[in-house]
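1. sequence and predicted model, in that order:
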Amino acid sequence: MNETIVIVGAGHAGGRAAQALRAAGFAGRVVLTGEEAYQPYERPPLSKELIVTDAGLEKARLHDPAYYEQNRIDLLLRAPVEAIDPKGKRVKARGGWLAYDKLLLTTGARVRKLPVPGADLSGLFYLRDFDDTQAIRSRLKPGVRAVVIGGGFIGLETAASAVKRGASVTVLEVADRLMGRAVAPEMGAWFAELHRKKGVDVRLSVRIKAIEGVGKVERVVLDGAEPVPADIVVAGIGIVPNVELAAVAGLAVGNGIVVDEFGRTSDPAIWAAGDCALQPNAFLGRRMRLESYQNAQDQGMAVARNMVGAPKPYEDSLWVWSDQHDVNLQMTGAPEDYDKLVWRGDRAGGAFMLFYMKGGRIVAVNTVNLGREMKPAQRLMQSKKAFDPAQLADPNVKLLKLGRE
């Protein structure tokens, strides 16, 4: 039977899923629909290279423009899906209905909007797609006063890029530390100091009352502190999974579209992957939604293969990275519950590791400018064995050797 697989969402997960279908030998029709005007591209460069350099979207595309025609992938751009009809096995896009045999939802997520007066003023931006990057980049020039609201990955990467563009940068974070959901307070403090050394004014534990200006942003008003002058404001305060299509169609949703270990939703003909998927995680023993480049790529491809072949459980590596001021931070595991921190390497010199321990086991790892150590550290963590903290802290003890013991 000549099946049709429709993929809703032409981002990183959707683009890689279409690629994986053809690589797996699927000979039926593949339709990839997306809201944007651009062919699928990678998101990480949006807050880094594409702001700093003149590279343009060519630097981030998943494939050469001719790839989709050559591989018989029907790419429908500017074609947001308006509805799913599970009983009729069809989706509505561009005012018409498109039939499917199997459906993959890679609907991703949207930015969380700043809930303060003045958030609709010109000059306030969010960063989620290529058009956002272009708009922000065009305004980041020497002497421009840029205020970044949010001390997570997107905010800090944007702040670092803005510094490279010559802007004067202030970062405002409501919490008492940077990257609070991802790293320990001590690691957040190290990065706060890094940004300050690079000239960024990092302010923690602030409360934003409003954005003010006449027709455009001119200042950010704080509670109990002087307003911060601003020519441009970039807000990076998190994302919200796009589950509305799935929910209206009757699929199980929570903080994401609920899927099993194979990526299948509560409807046996519909799968989901990427930022929108609430997936089981074997290492943690519970469901979680992962917002990462690697998960979008790996899960998109794994679920696509499951749709056309013998299903295999998808296991995410829980690996994320962030580049800030030419410093590479890599993270694996879940630093939610730990009783000991073990440092390894040269913090002052900017090349070190941090192990998060719970009952002698490694539950998470950070590397700073030591990416080559991530793989062996990940193996130690996934072994779920207990390790001697003194050996982990000793740079003369090779991690590969510990993994073999």
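-> Great, that's in hand. Residues are numbered from 1 along each chain as shown.

2. report pLDDT for the one residue sitting closest to the centre of the chain.
-> Within the chain, one residue has its C-alpha closest to the average C-alpha position: by Cα atoms, centre = their mean, that is S292, at 3.5 Å. Listed pLDDT for S292 reads 90.

3. that one against S317, yeah?
-> No - with contact defined as Cβ atoms under 8 Å, S292 does not reach S317; the gap is 9.5 Å. Any C-beta I mention is one placed from the backbone N, CA and C, and that applies to glycine too.

4. re the thing from before, quick one: contacts for the residue nearest to the centre of the chain?
-> W319, V320 (Cβ atoms under 8 Å, 6 or more residues apart in numbering).

5. what does it show for phi and psi?
-> phi -150, psi 150 (degrees, to the nearest 10).

6. try N295
-> phi -70, psi -40.

7. nearest residue to it other than its sequence neighbours?
-> D316 (5.2 Å; Cβ to Cβ, 6 or more residues apart in numbering).

8. same question, A182
-> The nearest residue in space to A182 (Cβ to Cβ, 6+ apart) is M331, at 6.0 Å.

9. for the one you found, list each beta-bridge partner.
-> V320, N366 (DSSP bridges).

10. okay but it is in contact with W321, surely?
-> Yes - contact between M331 and W321 holds when scored by Cβ under 8 Å: they sit 7.1 Å apart.

11. between these two, tell me which one has more neighbours.
-> Set M331 next to W321 and count neighbours by other Cβ atoms under 10 Å: M331 wins out with 24 against 17.

12. OK, contacts around that one?
-> Per Cβ under 8 Å, 6+ apart, neighbours of M331: A182, V183, W319, V320, W321, S322, A364, V365, N366.

13. confidence score at it?
-> 96.

14. ok, G349 - how many residues close by?
-> 9.

15. assign a three-state SS to it, would you?
-> The three-state label for G349, taken from DSSP: H, G, I helix; E, B strand; the rest coil, comes out as coil.

16. repeat for the one 5 residues further on
-> Under the three-state scheme (three-state DSSP), L354 adopts strand.

17. count of residues packed around the closest residue in space to it that isn't next to it in sequence?
-> Excluding its sequence neighbours, the residue lying closest to L354 (Cβ to Cβ, 6+ apart) is N366, at 4.3 Å. Residues lying near N366 (other Cβ under 10 Å) number 27.

18. what's the lowest-mean-pLDDT helix or strand in the chain packed up against?
-> The least trusted helix or strand in the chain, going by mean pLDDT, DSSP states H and E, turns out to be helix 399-404, with a mean of 81. Judged by 3 or more Cβ pairs under 8 Å, 6 or more residues apart in numbering; DSSP states H and E, helix 399-404 is in contact with helix 374-383.

19. surely H325 meets L194?
-> Yes - counting by Cβ under 8 Å, H325 touches L194, with 6.0 Å between them.

20. put the alpha carbons of the strand or helix carrying I5 into CSV.
-> With elements taken from DSSP states H and E, the one containing I5 is strand 4-8. What follows is strand 4-8, C-alpha atoms only, in CSV (Å, rounded to 0.1, in the frame of the first residue of the first chain):
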residue,chain,number,x,y,z
THR,A,4,1.0,9.0,3.0
ILE,A,5,2.9,10.4,6.1
VAL,A,6,2.2,14.0,7.0
ILE,A,7,4.6,15.9,9.3
VAL,A,8,3.2,19.0,11.0
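
21. now it: how far from the chain's centre is it?
-> 23 Å (Cα atoms, centre = their mean, to the nearest Å).

22. what lies in contact with whichever helix or strand comes after that strand?
-> Later in the chain than strand 4-8, the nearest helix or strand by DSSP H and E is helix 12-23. Residues outside helix 12-23 that contact it (Cβ under 8 Å, 6+ apart) are 5, 7-8, 30, 32, 34, 39-43, 62-63, 68, 71-73, 104, 106, 108, 273-275, 293, 296-297, 299-305, 307-308.

23. D267 should be in a helix, yeah?
-> No - D267 is assigned coil when assessed by three-state DSSP, not a helix.

24. list the residues that contact it.
-> P86, A249, G250, L251.

25. what's the closest non-adjacent residue to G155?
-> Closest to G155 by Cβ to Cβ, 6+ apart is G236, at 3.8 Å.

26. kindly report the same for R196.
-> Closest to R196 by Cβ to Cβ, 6+ apart is V202, at 5.6 Å.

27. how about the secondary structure of the one you found?
-> strand.

28. got a list of what it touches?
-> V202 neighbours (Cβ under 8 Å, 6+ apart): G151, T170, V171, E173, L178, A192, H195, R196.

29. beta-bridge partners for it, please?
-> Bridge pairing for V202 - DSSP bridges - gives V171.

30. sorry, back to before: what's the neighbour count on the residue nearest to N295?
-> 19.

31. for it, give its distance to T106.
-> 15 Å (Cβ to Cβ, to the nearest Å).

32. residue contacts, the residue nearest to G108 when sequence neighbours are not counted?
-> Once flanking residues are discounted, G108 sits nearest to D275: 4.7 Å by Cβ to Cβ, 6+ apart. Under the criterion of Cβ under 8 Å, 6+ apart, the neighbours of D275 are A13, G108, A109, I239, P241, G256, R289, L290, E291, A296.

33. who's in contact with the fourth one?
-> Same thing as I239. A109, R110, V111, R112, R128, D275, E291.

34. which ones are touching the first one?
-> This points to A109. I239, V240, P241, N242, D275, C276, E291.

35. top of those residues by number of neighbours, please.
-> Top of these by neighbour count (other Cβ under 10 Å): C276, with 28 neighbours.

36. and it, what does it touch?
-> Taking Cβ under 8 Å, 6+ apart as the test, what C276 contacts is 9, 105-109, 241-243, 246, 256-257, 289.

37. how much space between the residue nearest to G155 and S161?
-> 12 Å.

38. before we move on, what about D323?
-> 10 Å.

39. how about A390?
-> A390 is 39 Å from S161, by Cβ to Cβ.
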